[in-house]
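Asks: Here is a sequence with its predicted model. Questions after.
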Amino acid sequence: MAFDLEEQEQLDRIKAFWAKWGNKITALMFVGLIAVSAWKFYEYRQTSKQAKAVQAFEAYERAAQAKAAGTPAMLAELQQKFPESRLSAQASFIGATIAIEAQDWAQALTQLQWIVTHGTSENKGIAGLEIADIQAQTGKLDDALKTLDTPPAPQFTAVYLSKKADLYMMHKQPEKAHEAMQAALKWLNEQPSKDDAVINMLQRKMELFQP
């Protein structure tokens, strides 16, 4: 097939471009295909892994309800194999509750601390409140207050301050309890979207903390 001068020039430019970049483009396309395949395999593994996490959690939950002897080992295995799963955090809360009922404070703190290390911000916030409760109950008020100094996420600021107020009142320190409640209300009132019901509730609560 004969080409006119313009077509020949265009063809020569394409050939020159491909001679310079063809190998790199092919390599990038190959890498892209590998990446897509790897991502699909990752999605499959995640789905498969989540299914295994569900099975392990359900087995642990049944064992915990039956108060079976092997539940601590099952929980440890769940935490080790699926640390990123929310189910592991949920199982850890169950383990902490069992330990609290048995007044095994060290075991309860171990499970709650695992949640603080591996859980979502919401789970960390709840675990922090429970840790502070245990520390206060076991005579470690300073440790409890320190735990409540740093909420894991901003949305826990007011509830952590309110908990600090409770602890101060339990230890007959109404002035500090009042200060903590004032700080909680100040934080709530500074938020763009205010929850008037919560603010009113805390205001009524603060009246009980008058020094």
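Replies: Structure received. Not measured: the values here are computed from a predicted model.
Asks: Residue ranges of each domain in this protein, please.
Replies: 22-119, 124-211 (automatic domain parsing).
Asks: same question for the shortest one, mean pLDDT?
Replies: In other words, domain 124-211. In this model, domain 124-211 has an average pLDDT of 87.
Asks: before we move on, what about stretch 99-112?
Replies: For stretch 99-112, the per-residue pLDDT averages 93.
Asks: quick one on the thing from earlier: any chance of CSV for the domains of the chain, columns mean neighbour count?
Replies: Where C-beta positions appear, they are placed from N, C-alpha and C, glycine not excepted. Output for the domains of the chain, formatted as CSV (neighbours: other CB atoms under 10 Å):
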stretch, mean neighbour count
domain 22-119, 15
domain 124-211, 16
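Asks: ok, the residue nearest to the spatial centre of the chain to A132 distance?
Replies: The centroid of the chain falls nearest to T120 when counting by CA atoms, centre = their mean (0.7 Å). Applying CB to CB, to the nearest Å, the value for T120 to A132 is 19 Å.
Asks: same question, A89
Replies: 18 Å.
Asks: circling back to that earlier point, surely the residue nearest to the centre of the chain meets A89?
Replies: Yes - T120 lies in contact with A89 (CB atoms under 8 Å); the separation is 7.2 Å.
Asks: What are the boundaries of the helices in this structure?
Replies: Here the chain has its helices, by DSSP state H, at 5-65, 71-81, 86-101, 105-118, 121-137, 141-147, 157-170, 174-189, 196-207.
Asks: to the chain's geometric centre, what's the distance from the fifth one?
Replies: Chain-centre distance of helix 121-137: 13 Å, with CA atoms, centre = their mean, to the nearest Å.
Asks: ok, the residue nearest to the centre of the chain - contacts?
Replies: R86, A89 (CB atoms under 8 Å, 6 or more residues apart in numbering).
Asks: Over to it: give its phi and psi.
Replies: The phi/psi pair for T120 (degrees, to the nearest 10) reads phi -70, psi 170.
Asks: Make sure K163 is actually in contact with A132.
Replies: Yes - the criterion here is CB under 8 Å, and K163 meets it with A132 at 6.1 Å.
Asks: which residues are common contacts for the two?
Replies: L148.
Asks: which ones are touching Q111?
Replies: Contacts of Q111 (CB under 8 Å, 6+ apart): L75, S92, F93, G95, A96, A99.
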